[in-house]
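Engineer: based on what follows, work out the 3D shape:
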Amino acid sequence: MGDGPHVIAEGHEHGPAELCEAGLSLYGRALREGRIPAEDADHVPCLLDFGLVRPDGEDPKWLRPLAPALALPRLLRESARDIARRRHDEARLAEAFEPLLALDGHSELVAEVPGIGLLAGFDRINEAIGRAMDEAREELLTIQPGGRRSAVLLRDLGLPREQRMLSRGCRIRTLYQDTTRHDLGVVAHFERLTGDVQVRTLDEVTKRLLIVDRSVAFLPAGEDRARALEIRQPALVSFLATVFDRLWNMAVPMYPEAVRVAPSDGVTRRQLAIAHLLVEGHTDTAIAERLGLNVRTARVHIAKLAALLGSESRAQLGYLIGRSGILERGEGP
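Structural biologist: Prediction:
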């Protein structure tokens with residue numbers, strides 16, 4: 001199987017995770033009848049491309065189906081490769097932004113970059129964000145890592161600004177880290193708003209990000225958040241919006257209606273995220289920081305994973321996670 005979306009016929013472009021109805025229908029018929037004429041697959045060549053049917057060894061004019069028990073793992077492996085490619089894209093984004101974040105304290109350098117301005121001080125940052133929100137006509141996209149937002153800021157700044165946007169017919173999409181799912185203060189804030197508001201959560205998100213009308217973006221230029229970059233370069237803002245859309249599609253709804261994520265084979269969604277980071281070689285402290293947990297909580301989850309897999313050491317745990325297949329099952333479509 002290939003490594004990307006398959007262009008298998010004019011007007012017939014899709015990957016294995018979006019197997020077309022015509023392909024599924026013909027595959028089902030092949031299973032029921034044992035074989036189908038090869039010419040019947042001319043209009044759905046994805047069956048051959050994905051290996052769901054194969055030429056009959058005795059008569060090439062016929063196609064025989066691959067057993068579903070073999071076909072499904074093959075398609076799931078391709079979906080897992082798609083996820084790995086998306087993570088690679090996110091890593092490239094982080095690498096591309098590293099020199100921009102290093103501009104903290106070097107405003108003269110920022111001034112030389114068209115479409116990028118450096119805002120210094122909380123008042124100036126809030127003023128610029130407020131002005132962009134007051135001029136908004138379509139949508140506000142935000143990423144809030146770590147989860148906890150000041151109740152005072154939510155009430156005094158966030159609520160009035162957001163409600164004015166909603167009253168003009170704009171929509172708001174906010175992405176939090178999973179640790180926020182039980183933050184009643186955040187939920188109460190969004191319940192006060194009237195309009196098109198949605199909130200989702202994800203195990204791991206990027207640094208804080210705010211995009212208005214997909215035309216201007218704000219992100220911190222330092223860890224203390226006392227400086228921020230105001231980005232109006234169209235290609236860069238579009239790239240950031242695309243990253244937001246990808247994360248949004250992988251996230252779990254929190255508001256207006258929370259969705260409970262069921263464990264897979266006894267491993268919770270949080271533990272799957274930790275397992276990924278363990279295999280990548282991260283320390284307990286690094287895992288806790290990336291997932292918005294304290295170190296003690298992260299170690300409790302690691303201990304549960306070790307007990308479930310029968311691991312007796314940290315090195316053995318990484319090996320057992322990879323061998324168990326839980327990462328691949330957790331990343332299915």
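
Engineer: residue 210 is in contact with residue 141, correct?
Structural biologist: Yes - judged on CB atoms under 8 Å, residue 141 makes contact with residue 210 at a distance of 7.3 Å. Backbone N, C-alpha and C define where each C-beta goes, glycine included.

Engineer: just confirm residue 164 is within a strand.
Structural biologist: No - assessed by DSSP: H, G, I helix; E, B strand; the rest coil, residue 164 does not belong to a strand; its assignment is helix.

Engineer: number of nearby residues for it?
Structural biologist: By the measure other CB atoms under 10 Å, the count of residues near residue 164 is 14.

Engineer: leaving out sequence neighbours, find the closest residue to it.
Structural biologist: residue 134 (6.7 Å; CB to CB, 6 or more residues apart in numbering).

Engineer: dihedrals phi and psi, that neighbour?
Structural biologist: Phi and psi for residue 134, reported as degrees, to the nearest 10, are phi -70, psi -20.

Engineer: for it, give its distance to residue 288.
Structural biologist: For residue 134, the distance to residue 288 equals 38 Å [CB to CB, to the nearest Å].

Engineer: so these two - more neighbours on which side?
Structural biologist: Between residue 134 and residue 288, counted using other CB under 10 Å, residue 288 has the larger neighbour count: 20 against 12.

Engineer: give the contact list for the more buried one.
Structural biologist: Applying CB atoms under 8 Å, 6 or more residues apart in numbering, we find residue 288 in contact with 294-295, 297-298.

Engineer: quick one: which of these is most hemmed in?
Structural biologist: Within the contacts of residue 288, neighbour counts (other CB under 10 Å) peak at residue 298, which reaches 23 neighbours.

Engineer: quick one: the helices in the stretch 1-150 of the chain?
Structural biologist: 21-33, 46-49, 68-101, 107-110, 122-135 (DSSP state H, counting those that start in this stretch).

Engineer: the helix or strand harbouring residue 249 packs against which elements?
Structural biologist: Using DSSP states H and E, residue 249 maps to helix 234-250. Applying 3 or more CB pairs under 8 Å, 6 or more residues apart in numbering; DSSP states H and E, we find helix 234-250 packed against helix 68-101, strand 139-144, strand 171-177, strand 196-202, strand 209-212, strand 216-220.

Engineer: which residues touch it?
Structural biologist: Helix 234-250 has contacts (CB under 8 Å, 6+ apart) with 86, 89-90, 93, 115-116, 141, 143, 173, 175, 200, 202, 205-206, 209, 211, 214-217, 219, 231.

Engineer: now list the buried members of those.
Structural biologist: 116, 141, 143, 173, 175, 200, 202, 205-206, 209, 211, 214-217, 219, 231 (16 or more other CB atoms under 10 Å).
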